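Participant: attaching a predicted model along with its sequence, questions to come.
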Amino acid sequence: MALNKADIRQQLQKEIFSLQGFKSTNANINAGNVELGPIKEVFPNCTFPLGAVHEFFCARPETTACTSGFIAGVLSSIMKSGGVTIWICKEPAIFPPALTSFGIDPEKVIFFYLRKQQEILWCIEEALKCKGIAAVVAELRDLDFTSSRRLQLAASKNNVTCFVLHQPSTATTASVARWKVLPLPSIADDDLPGVGFPQWSVELLKVRNGKTGTWQVQWTEVSFHFPAARTSVMLEQRKKAG
Amino acid sequence: MRRFVCIWFNSLKTDWYTVRHPNLKSVPFVLTANEHGRMVVTAVNEHAIAAGAFAGMVLTDARSMIPSLEAIEEPADLLDQILTRIAYWCIRYSPVVGIDKPDCIILEATGCCHLWGGEEQYLHDIINRLKGFGYNVRVAMADTIGAAWGVAHFARAYIVPAGGTITALLPLHPAALRLENEVIARLQKLGFRQIQDFITIPRTTLRRRFGAAFISRLNQVLGNEEELIEPVHQIEPYEERLPCLEPIATRTGIEIALKNLLETLCYRLQREQKGLRKAIFIGCRIDGDLQRIEIGTTSPSHNPTHLFNLFDLKLETIEPGLGIEVFILQAPIVETAAVEQEELWKVQSNLDNADLSELLDRVAGKLGANNFYRYLPAEHYLPERSIKRTTSLSEKSQTTWNINRPRPLLLQHPKPIEVTAPIPDYPPMMFRYQGKLHKVVKADGPERVEQEWWLQEGEHRDYYYVEDENGQRYWLFRSGHYDADKQNQWFIHGFFP
């Protein structure tokens, strides 16, 4: 009986999404099953929104490294279905061999080094319009509403996922999700000395038609791992309800 | 009636040298070539001939005869080069120009002479021009290639009137038929000193005596057998022109012109399975000014839409002024492009994707070509050297990625840091980077990376993978061995995720 109830709720939710203008594209169903465990559940239809703009807040090189790590983890499952990634940054910083530890073939990543905001935005848009591109990652100073709207339209039209890294801001944007990734102390296997698998606190600040939350995420060689699952999500929901 | 011209250069090589070295004009000189270890004379100028030298003699013999003889060793394919160049030049006289080795050029002059005002003027022009360059030539025109050749070599008259081939040939020496030396000698022995001596003899008898080749030559000269010349072809430049009736000053007009030009050029490129790597679009303004824009592509392309988009990014730099009257599109760099095949199952995974290279072209066109790179592994120990930049999408890696040890996701130039390291060869307890103190909680290492002495001098590095109390992970290294007496310099090299 309880199962039925859950089914009914899911169906009703889907109807609400369609009324709200949310379309589940083919790409969302077929391509790249992004393995995000409990994080997935907060997204509409329980799928990671591909073909959308994801914003990431990062201020310092340490957080940029964590954010890039998390993005690389997501990218690895997107790139499994083929395609090339375009990574736009201000200066050569990403060390390509490290991408192999996230299951990405560094030869399939093309790095663009651009400095001017206008040039980067133009470049992202052109890349989003191009066929055969799996995803675009770009480092920006900030993102205003107009440009985010343009990028979101281009991304959803061509089903290319776009990750934008920029300084924290409170500006309203048209992006589908907004994240913040911070480092957490690593956990070693079986209390071995030394540095273990990288761990981050991944915070979903905003997601269209979904719920927000904070998770502890670990990258273990080939996939994400969630040591303390969804406690914080429950808290979040309770907060909203009460 | 077809007409042929034969230009015979009777002293081509020596003329060529005399033109380039005027001081050789008044001295006897010969050209030589190495033949089985001896220097043999291959060409002789008129002064040397007068003194008794001839082609084919050994250089030392010639030297003993003429002590002041100049000898120049000739390059291997000199004759071919000169003849080819002259043949290209001769295209002005006729579209069909062939080389008849070793020293003749054949023109098919059918329907060309009236442009010079007649056959006489036509030949005069050829002779005068070539003489003006310093070449000794003998020229003849006849109905067949063979007759023109024979008359040029063996007769005084240089125009054989149409239909008068036999009459002109009758008094000539049999060698005018381009026969083998052996056959000429046999004819000589039999007393046939002129063509008229044997032309009336039945062909079957001649064939029995002198072979089929002789008859074939005879037929060629008389026009009974077709003779072919292999014409030289001028390489046509990849260039299209579009003159306009009215000067064009609007962007729409320029766009239409560009589209037209691109379509014609791309049609030709497609047919020849070529693609352009660089294209220049020139607009000739009515005030004489030239407006030009240039594009480049990363892979050979013959897609007009893509090329138009590349030009479109730069089109605003064209200043039409009062108007542009002629548009020119040039493709200076053209490469072979494989014909694209429609894919049945489109797999969107490969780097050799036309859309991707078009994207790179657009970026390169707008923002400059050195803005994007791919990385391939390189076999070096130092992390900053272990990657190789490339702009090519097709380049394959020669080696594999070395992923045995952890590598940071962000790598920067090594920046000096202050550390507290209590025990030799232990990771630091704490370090200060950009004014902030980081307490090291966990650490891995050291990983020693030696300098590559064949590339640069310097100390080895001991790398540590450390994590501070906030969970931020860094890649630090100490330069050189731990030494109690002197301070070791520590650096921060990268950030782990």
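Facilitator: Received it, and whenever you're ready, just let me know what you need.

Participant: neighbours around residue 171, how many?
Facilitator: Let's take chain A. 10 (other CB atoms under 10 Å in any protein chain shown). For every residue, glycine as well, the C-beta is placed using N, CA and C.

Participant: right idea, wrong chain: chain B
Facilitator: 13.

Participant: tell me who's in contact with it.
Facilitator: B:194, B:195, B:196 (CB atoms under 8 Å, 6 or more residues apart in numbering or on different chains).

Participant: could you tell me which of these count as buried?
Facilitator: Neighbour counting by 16 or more other CB atoms under 10 Å in any protein chain shown classes residue B:195 among the contacts of residue B:171 as buried.

Participant: ok, the contacts of residue B:171 vs residue A:165, which is closest?
Facilitator: Of all those, residue B:195 has the smallest distance to residue A:165: 92.3 Å, by CB to CB.

Participant: so the closest one sits right up against residue B:170, yeah?
Facilitator: Yes - look at residue B:195 against residue B:170 with CB atoms under 8 Å: they come within range, at 5.7 Å.

Participant: residue B:99 and chain A, how far apart?
Facilitator: 50 Å (CB to the nearest CB, to the nearest Å).

Participant: okay, and that residue sits in which element?
Facilitator: Element membership for residue B:99 (DSSP states H and E) is strand B:97-100.

Participant: next secondary structure after that strand?
Facilitator: Following strand B:97-100 toward the C-terminus (DSSP H and E): strand B:104-108.

Participant: tell me the mean pLDDT for that following strand?
Facilitator: For strand B:104-108, mean pLDDT rounds to 88.

Participant: neighbours of residue 118, just the number please.
Facilitator: Assuming you mean chain A. 9.

Participant: hmm, I had chain B in mind actually
Facilitator: 12.

Participant: try residue B:154
Facilitator: For residue B:154, using other CB under 10 Å, the count is 18.

Participant: wait, what's in contact with it?
Facilitator: B:172, B:173, B:175, B:176.

Participant: which helix or which strand is home to the closest residue to chain A within the stretch 151-300 of chain B?
Facilitator: Closest residue of the stretch 151-300 of chain B to chain A, CB to the nearest CB: residue B:298 (11.2 Å). Element membership of residue B:298 [criterion: DSSP H and E] is strand B:290-301.

Participant: contacting residues for whatever residue of chain A ends up closest to chain B?
Facilitator: Nearest to chain B, among the residues of chain A, is residue A:69, at 2.4 Å (CB to the nearest CB). The contact partners of residue A:69, taken as CB under 8 Å, 6+ apart, are A:102, A:181, A:198, A:200, A:219, B:409, B:496, B:497.

Participant: confidence score at it?
Facilitator: 92.

Participant: three-state assignment of it?
Facilitator: helix (DSSP: H, G, I helix; E, B strand; the rest coil).

Participant: so what's the residue count around the closest residue to residue A:51 other than its chain neighbours?
Facilitator: Setting aside the residues directly before and after it, residue A:51 is nearest to residue A:159 in space (CB to CB, 6 or more residues apart in numbering or on different chains), at 3.9 Å. Around residue A:159 there are 16 other residues, counting by other CB under 10 Å.

Participant: quick one, phi psi at residue A:159?
Facilitator: phi 60, psi 40 (degrees, to the nearest 10).

Participant: ok, now residue B:277?
Facilitator: phi -110, psi -20.

Participant: any idea how many residues pack against it?
Facilitator: Neighbour tally, residue B:277, other CB under 10 Å: 18.

Participant: what sits up against stretch B:36-56?
Facilitator: Here stretch B:36-56 has contacts from B:11, B:13-14, B:18, B:24, B:26-34, B:57-60, B:62, B:65-66, B:69, B:71, B:73-74, using CB under 8 Å, 6+ apart.

Participant: those in strands, which ones?
Facilitator: Those of those mapping onto strands are B:29, B:30, B:31, B:32, B:33, B:34, B:71, B:73, per DSSP state E.

Participant: report the buried members of the residues you listed.
Facilitator: Buried among the ones in strands among the contacts of stretch B:36-56 by 16+ other CB under 10 Å: B:29, B:30, B:31, B:32, B:33.

Participant: out of these, flag the one nearest to chain A.
Facilitator: Nearest to chain A among these, with distances taken as CB to the nearest CB, is residue B:33, at 54.2 Å.

Participant: the closest one contacts residue B:74, doesn't it?
Facilitator: Yes - contact between residue B:33 and residue B:74 holds when scored by CB under 8 Å: they sit 5.9 Å apart.

Participant: re the thing from before, let's have the contacts of residue B:171 in a markdown table, adding distance to residue B:288 and pLDDT.
Facilitator: Output for these, formatted as a markdown table (distance: CB to CB, whole Å; pLDDT from 0 to 100):
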| residue | distance to residue B:288 | pLDDT |
| --- | --- | --- |
| B:194 | 64 | 86 |
| B:195 | 62 | 84 |
| B:196 | 65 | 83 |
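
Participant: can you get me a residue count around the nearest residue to residue B:386 once chain neighbours are set aside?
Facilitator: Using CB to CB, 6+ apart and skipping residues adjacent in sequence, the residue nearest residue B:386 is residue B:380, 5.0 Å away. For residue B:380, the count of nearby residues is 15 (other CB under 10 Å).

Participant: got it, and the one 10 residues further on?
Facilitator: Number of residues near residue B:390 (other CB under 10 Å) recorded here: 15.

Participant: ok, so what distance separates it from residue B:182?
Facilitator: Residue B:390 sits 64 Å away from residue B:182, going by CB to CB, to the nearest Å.

Participant: secondary structure element holding residue 150?
Facilitator: Let's take chain A. Secondary structure (DSSP H and E) places residue A:150 in helix A:145-158.

Participant: wait, chain B was what I had in mind.
Facilitator: Going by DSSP H and E, residue B:150 is part of helix B:145-154.
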